[in-house]
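Q: My questions concern the predicted model and sequence given below.
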Amino acid sequence: MSLQFSVLASGSTGNAIYVETEEQSFLVDAGLSGKQMQGLFDQIGRDISKLSGIFVTHEHSDHIKGLGVLARKYKLPIYANEKTWQAMDGLVGQIATEQKFVFDTGSVKAFLNVDIESFGVSHDAAEPMFYVFHHEGKKLALITDTGYVSDRMKGTIYNADAFVFESNHDVSMLQMGHYPWSIKRRILSDVGHVSNEDAAIAMTDVIGDATKRIYLAHLSKDNNMKDLARMSVQQTLASKGFMTGEQFDLFDTDPLTPTPLVAI
């Protein structure tokens, strides 16, 4: 009875994470078109129609682009908090009332032998939240789209077996890049995105004895690179006494190619 997952897509252009046990399967966000989502599921050999539910983190298009299409085509239950449902009105088309479920921020829902815990993050959306999956003593923590990682967030995700952790941008690349100052200021703010270095500093407070896998997620296509993110995070972790490749490993994610399904 293992907990398995794949980061189907992660980045500025769309985000989706697949989680399964032997009995159930879940999708967190559907930030690519319905056709693209189908292709991602085909790549990992899984069937969208068998999903137990889709869990929404917030209403930005790179997290909900394919949500309405998947909901209507496969009649799937959709979970989001009340403010996110309100913010999605008009963005995802009509979703049948019987498919819409409210999942309050800071609560836990039980799905057979999987407990899914929601927690708030700091991002410029209506009420953004992410999820921790608990199954048979194993813990998978998902946290992206936050301007900083608070002590409260750290307490919720602490000592996960695996993390999908935002490492959005390199500060120098962002500052020297072509974005207007208003967008740069938004990304660097407390309701923006976490940089490579800040992600690594937060990781030093949440890595525990159980932690074996960390996936660097939501990399900016304009203000980051996989090699740079991994190097920056490794160096910052090493400066705090955390050596990757020994206690735990770092993994890349991609905007279009799923990570291999792995069990924790």
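A: Done, it's in.

Q: now the longest helix along the chain: how far from the chain's centre is it?
A: Looking across the chain with DSSP state H, the single longest helix is helix 226-239. Put simply, helix 226-239 sits 20 Å off its chain's centre (C-alpha atoms, centre = their mean, to the nearest Å).

Q: Tell me the strands beside the helix or strand following it, with direction?
A: Following helix 226-239 in sequence order, the next helix or strand is strand 249-252 (DSSP states H and E). With DSSP bridges as the test, strand 249-252 is paired with strand 213-217 (parallel).

Q: Kindly export the partner strand (C-alpha atoms) in PDB.
A: Below are the C-alpha coordinates for strand 213-217, written out as PDB (Å, rounded to 0.1, in the frame of the first residue of the first chain):
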ATOM      1  CA  ARG A 213      13.100  13.300  -2.100                       C
ATOM      2  CA  ILE A 214      12.800  17.000  -2.900                       C
ATOM      3  CA  TYR A 215      11.400  18.200  -6.300                       C
ATOM      4  CA  LEU A 216      12.200  21.700  -7.300                       C
ATOM      5  CA  ALA A 217       9.000  23.100  -8.800                       C
END
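
Q: between that strand and helix 226-239, how big is the angle?
A: 130 degrees (axes from the mean of the first three to the mean of the last three C-alpha atoms, to 10 degrees).

Q: Pull out the buried positions in strand 213-217.
A: 213-217 (16 or more other C-beta atoms under 10 Å). Every C-beta, even on glycine, is put in place using the N, C-alpha and C of the backbone.

Q: With stretch 48-60 instead?
A: 48, 51-60.

Q: Leu228 contacts Leu216, correct?
A: No: using C-beta atoms under 8 Å, Leu228 is not in contact with Leu216, being 10.4 Å away.

Q: where's Glu117, which helix or strand?
A: Assigned by DSSP H and E, Glu117 belongs to strand 114-120.

Q: contacting residues around that strand?
A: For strand 114-120, the surrounding residues in contact (C-beta atoms under 8 Å, 6 or more residues apart in numbering) are 3, 21, 24, 26, 55, 81, 103-110, 127-135, 152-153, 156-157.

Q: Give me the buried entries from the residues you listed.
A: Judged by 16+ other C-beta under 10 Å, buried ones among the contacts of strand 114-120: 3, 21, 24, 26, 55, 81, 103, 105, 109, 127-135, 153, 156-157.
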